[in-house]
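Undergrad: Mind folding the following:
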Amino acid sequence: MVKAAVVQLCSGPEVDVNLAMAQKLLGEAAERGAQLALLPENFAFMGRHESDKLAIAEEAGSGPIQEWLATQARQHGLWLFGGSIPLRSPDGRVFASLLVMDPHGHCRARYDKMHLFDVDLPGGEQYRESRTIAPGGQVVAVPTPWGVVGLSICYDLRFPELFRAYAGAEFLVVPSAFTAQTGAAHWYALLRARAIENQAFVLAADQGGRHANGRETFGGSTIVDSWGQVLVHLDQHPGVAVAECDLDGQQAQRRSLPVWQHRRL
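TA: Numbers count the residues shown, from 1 in each chain. Predicted coordinates for the structure are as follows:
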């Protein structure tokens, strides 16, 4: 059994304000017994313009946001999954990078968002992440004391082949900034599908609310168990949700319904 937490924010263009709120909620998660915690995509910064992130981008391995993540992991004794932060790319863009910190503040893994949100939604809502974000090219799984965690970010959720690459992982994490429109239509369905088809716990921390740039994100941060049941979820406001993940129960489910053994493709 392990206690996991998902942190929901409504981040804006002031890094210090965002980090102060995240720190408060991580403290609450730790007080409630969480041993690992997930922050949402863009937890430290959501600017008024997509290009604003270039100004706060850090070099990999050094920078105030990375130092903050390490400090929070140490202070709260958490395995901390740092949503996404902008790390400089050689082509002048940034990578949207999820960093994993252990309770000693050591960075154990980095995943760069692979699938970029270049879409035209009904109602004229338009996004072009590839203008400022360079795509990652590697799947990344990290071992923890409670099992393997497969890493993804937001739009990755729509690509089940990525999650199949994490076959056997006990956990999948999905830090996100899902739009209100797509979240209302697909968020819970996609999360439950990834949990069911991979028999994995899914931890999903979303942005939720109206941001300074006018964008509205869905919220609904949740933890889904390996049977596809929603253990806990939030509405659209900042907060933290904590749930116990029954690893023995997960292994029993995998033995009774051995889908991995039955795959033909």
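Undergrad: Could you pull up the residues touching Val174?
TA: Residues in contact with Val174, defined by CB atoms under 8 Å, 6 or more residues apart in numbering, are Ser152, Ile153, Cys154, Asp156, Leu157, Leu191, Arg194, Val202, Leu203, Ala204, Ala205. C-beta coordinates here come from the backbone N, C-alpha and C atoms, glycine included.
Undergrad: where does the stretch 151-265 of the chain have low pLDDT?
TA: For the stretch 151-265 of the chain, no stretch has pLDDT under 70.
Undergrad: So which residues of it form strands?
TA: Secondary structure of the stretch 151-265 of the chain by DSSP state E, counting those that start in this stretch: the strands cover 171-173, 201-204, 208-210, 216-218, 222-224, 230-233, 239-245.
Undergrad: sorry, back to before: Leu39: which of the contacts of Val174 is nearest?
TA: Ala205 (5.9 Å; CB to CB).
Undergrad: Could you check how far the closest one is from Ala44?
TA: Counting by CB to CB, to the nearest Å, the separation of Ala205 from Ala44 is 13 Å.
Undergrad: in stretch 52-70, what's buried?
TA: Lys53, Leu54, Ile56, Ala57, Glu58, Gly63, Ile65, Gln66, Trp68, Leu69, Ala70 (16 or more other CB atoms under 10 Å).
Undergrad: Check stretch 197-206 too.
TA: Residues Asn198, Gln199, Ala200, Phe201, Val202, Leu203, Ala204, Ala205, Asp206 are the ones in stretch 197-206 that count as buried (16+ other CB under 10 Å).
Undergrad: Need those residues in a markdown table (columns: distance to Leu116).
TA: As requested, the buried residues of stretch 197-206 are exported to a markdown table (distance: CB to CB, whole Å):
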| residue | distance to Leu116 |
| --- | --- |
| Asn198 | 23 |
| Gln199 | 28 |
| Ala200 | 24 |
| Phe201 | 26 |
| Val202 | 21 |
| Leu203 | 22 |
| Ala204 | 19 |
| Ala205 | 20 |
| Asp206 | 18 |
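Undergrad: farthest-separated two in those residues?
TA: Gln199 and Asp206, at 22.8 Å, using CB to CB across the buried residues of stretch 197-206.
Undergrad: now the helices for the stretch 1-150 of the chain?
TA: 15-31, 53-56, 64-76 (DSSP state H, counting those that start in this stretch).
Undergrad: Looking at those helices, which is nearest to Thr179?
TA: helix 53-56 (17.5 Å).
Undergrad: With only the CA atoms kept, save the closest one in CSV.
TA: Provided in CSV are the C-alpha atoms of helix 53-56 (Å, rounded to 0.1, in the frame of the first residue of the first chain):
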residue,chain,number,x,y,z
LYS,A,53,8.1,30.5,-21.4
LEU,A,54,11.3,31.0,-23.3
ALA,A,55,12.3,33.8,-20.9
ILE,A,56,12.2,31.6,-17.9
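Undergrad: Which neighbouring elements make contact with that helix?
TA: strand 85-88 (3 or more CB pairs under 8 Å, 6 or more residues apart in numbering; DSSP states H and E).
Undergrad: on contacts alone, who are the packing partners of the strand it packs on?
TA: Packing contacts for strand 85-88, counted by 3+ CB pairs under 8 Å, 6+ apart, involve helix 53-56, helix 64-76, strand 94-101.
Undergrad: circling back to that earlier point, now the helices of the stretch 1-150 of the chain as CSV including mean pLDDT and distance to Val94?
TA: What follows is these, written out as CSV (pLDDT from 0 to 100; distance: least, CB to CB, whole Å):
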stretch, mean pLDDT, distance to Val94
helix 15-31, 98, 15
helix 53-56, 92, 6
helix 64-76, 98, 12
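Undergrad: Out of the ones you listed, which is closest to Leu234?
TA: Closest to Leu234 of the helices of the stretch 1-150 of the chain is helix 15-31 (CB to CB; 10.7 Å).
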